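Student: sequence plus predicted model, see below.
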Amino acid sequence: MAKQPRILAGQAAAISGAARGIGRVTAEAFLRQGMKVAIGDVDLAAAERTAAELGPRTVALPLDVTEHASFAAFVAATERELGPLDVLVNNAGIMPIGPLLDEDDATTRRILDINVLGVINGLKVALPGMTARGRGHVLNIASQAGKYGLPGGATYCASKAAVINLSRAVRKELRGSGVEISVISPVAVNTELGLGLAEPRQRQFRKIEPADVAEAIVQTLHEPVFDVHVPGNLKLSERLSALAPLRVQESISRISGADAVLSQVNAGARADYELRAARSEPGLPPAQQPRQIAEKAG
C-alpha cells in the first residue's frame with residue numbers, strides 16, 4: 001500500500017536567504033500548504049519587506065549564516081514565534097564566478113563561508129531539537145554544478161559538492177532518529193544569482209524557474225527522498241554519465257554547452273549581483289575591485 005503524502009499544514013519552517021529568489025518563492029509555496037514560515041536573511045530590511053508582502057503567517061528575522069551564534073538566535077526566535085521547528089531549508093548561497101586564478105582570496109573564503117559553513121551551522125543548530133522530538137526535515141540546497149564541476153565556477157562547484165557529501169554523511173549519522181535530510185540539486189535558476197549565464201544546448205539543462213525548485217521542495221516534504229534533481233529527469237542523466245569514462249563525460253559537457261554556462265557569461269548583466277554578493281558576508285570586506293569577465297565569449 002502506497003504511503004500517504006505527509007500533511008504540512010501547521011508546520012513551522014525556517015528558510016535561510018529567503019528575502020528573495022528561491023527562498024522567497026519557497027516561502028510562498030509553504031504558505032499555500034498552510035505552513036508558518038520564518039524568513040531569515042542577512043538583509044533584514046529585504047526580509048521584512050518580503051514577510052510583509054507574504055502575510056501574517058511569516059516572520060522576518062536577521063540571519064548571518066556564517067556565524068553559529070546568529071543561526072542559533074534565528075532558530076530560537078523562529079521557535080518563539082512559530083513553535084518547534086519542523087522544517088529547515090538551508091538555502092542561503094552566493095555564486096561569484098570567474099576563473100579560479102582570477103578569484104581573490106576574500107571571494108574564495110566568502111563562498112565557502114556562506115555556501116558550506118552556513119549549511120553546517122544550520123545543521124548543528126536545528127538538528128538537536130529535531131532529534132530530541134524524533135521528527136523534522138532539513139533540506140540543503142545544492143546544485144547540479146556540485147555534481148559535475150563547471151569551468152568558470154570552480155569554488156562554487158566545490159562548495160555545492162561539499163553540501164551534497166555533507167548531506168550524505170549526516171543522513172547516515174541520523175539513521176533511525178526520525179529526522180529526514182534531503183539535498184536539492186537544480187540546474188541554473190532564473191533568479192538574480194543566475195543572471196547572465198550562458199544557456200546549454202540540451203533543453204534539460206537549461207535554466208528553470210524558482211517555482212520549479214519550490215515545487216520539488218514541497219513534494220520532497222510530502223514524500224521524503226534524499227537526492228532530488230530539478231528537473232527530475234536529470235537523475236537518469238547522472239546515472240548514465242557515471243558509467244562513462246572521464247574523457248567521454250568531458251566531451252559531452254563541451255558538446256552540450258554545459259561547460260559554457262559559467263565560463264561564457266554576460267558580465268554586465270551580473271554586475272549588480274556580483275557587487276551585492278561581494279558584500280553579503282558582514283565579517284569580510286568586499287573585494288577592492290571586481291574581477292573582469294568578458295562581456296561575450298568568442
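Tutor: Sure thing, it's come through. Numbering: from 1, shown residues only.

Student: just say helix, strand or coil for the residue lying closest to residue 52 once chain neighbours are set aside.
Tutor: Closest residue to residue 52 apart from its sequence neighbours, by CB to CB, 6 or more residues apart in numbering: residue 60 at 7.8 Å. For the C-beta atoms, the positions are set from N, CA and C on the backbone; glycine is no exception. Under the three-state scheme (DSSP: H, G, I helix; E, B strand; the rest coil), residue 60 adopts strand.

Student: model confidence for residue 60, exactly?
Tutor: For residue 60, the pLDDT comes out at 98.

Student: neighbours of it, how many?
Tutor: Neighbour count for residue 60, taken as other CB atoms under 10 Å: 22.

Student: isn't it right up against residue 44?
Tutor: Yes. Counting by CB atoms under 8 Å, residue 60 does reach residue 44; the two are 6.7 Å apart.

Student: residue contacts, the residue nearest to residue 52?
Tutor: Residues in contact with residue 60 (CB atoms under 8 Å, 6 or more residues apart in numbering) are 19, 38, 39, 41, 44, 47, 48, 50, 51, 52.

Student: now for the last one, which secondary structure element holds it?
Tutor: I take that to be residue 52. helix 44-54 (DSSP states H and E).

Student: list the buried ones in that helix?
Tutor: 46, 47, 48, 50, 51, 54 (16 or more other CB atoms under 10 Å).

Student: helix/strand/coil for residue 139?
Tutor: strand.

Student: what's the distance between it and residue 229?
Tutor: From residue 139 over to residue 229 the distance is 14 Å, taken as CB to CB, to the nearest Å.

Student: between these two, who's got more neighbours?
Tutor: Neighbours were counted for residue 139 and for residue 229 using other CB under 10 Å; residue 139 has more, 25 against 20.

Student: so which helix or strand takes in residue 184?
Tutor: strand 179-186.

Student: mind checking how far whichever helix or strand comes after that strand is from the chain centre?
Tutor: As assigned by DSSP H and E, the chain's next helix or strand after strand 179-186 is helix 210-222. Mean-position distance between helix 210-222 and its chain equals 12 Å (CA atoms, centre = their mean, to the nearest Å).

Student: in helix 210-222, what counts as buried?
Tutor: For helix 210-222, using 16+ other CB under 10 Å, the buried residues are 210, 212, 213, 214, 216, 217, 218, 220, 221.

Student: one more: stretch 148-167?
Tutor: 148-164, 166-167.

Student: could you do stretch 263-270 as well?
Tutor: Within stretch 263-270, the residues that count as buried by 16+ other CB under 10 Å are 263, 264, 265, 266, 267, 270.

Student: do stretch 236-243 as well
Tutor: residue 237.

Student: ok, back up a step: among the buried residues of stretch 263-270, which ones are in helices?
Tutor: 263, 267, 270 (DSSP state H).

Student: any idea how far the second one is from residue 97?
Tutor: It refers to residue 267. Distance from residue 267 to residue 97, by CB to CB: 9 Å.

Student: have a look at the chain and report its longest helix.
Tutor: Longest helix in the chain, counting by DSSP H: helix 154-173.

Student: beta partners for the nearest residue to residue 138 once chain neighbours are set aside?
Tutor: Of all residues not flanking residue 138 in the chain, residue 88 sits nearest, at 4.7 Å (CB to CB, 6+ apart). On the basis of DSSP bridges, residue 88 is bridged to residue 14, residue 138.

Student: residue 88: neighbour count?
Tutor: 29.

Student: now do the contacts for it.
Tutor: 13, 14, 15, 16, 75, 122, 126, 136, 137, 138, 139.

Student: distance of the residue nearest to residue 12 when sequence neighbours are not counted from residue 230?
Tutor: Leaving aside its sequence neighbours, residue 12 sits nearest to residue 82 (CB to CB, 6+ apart; 4.0 Å). To residue 230, residue 82 is 27 Å away according to CB to CB.
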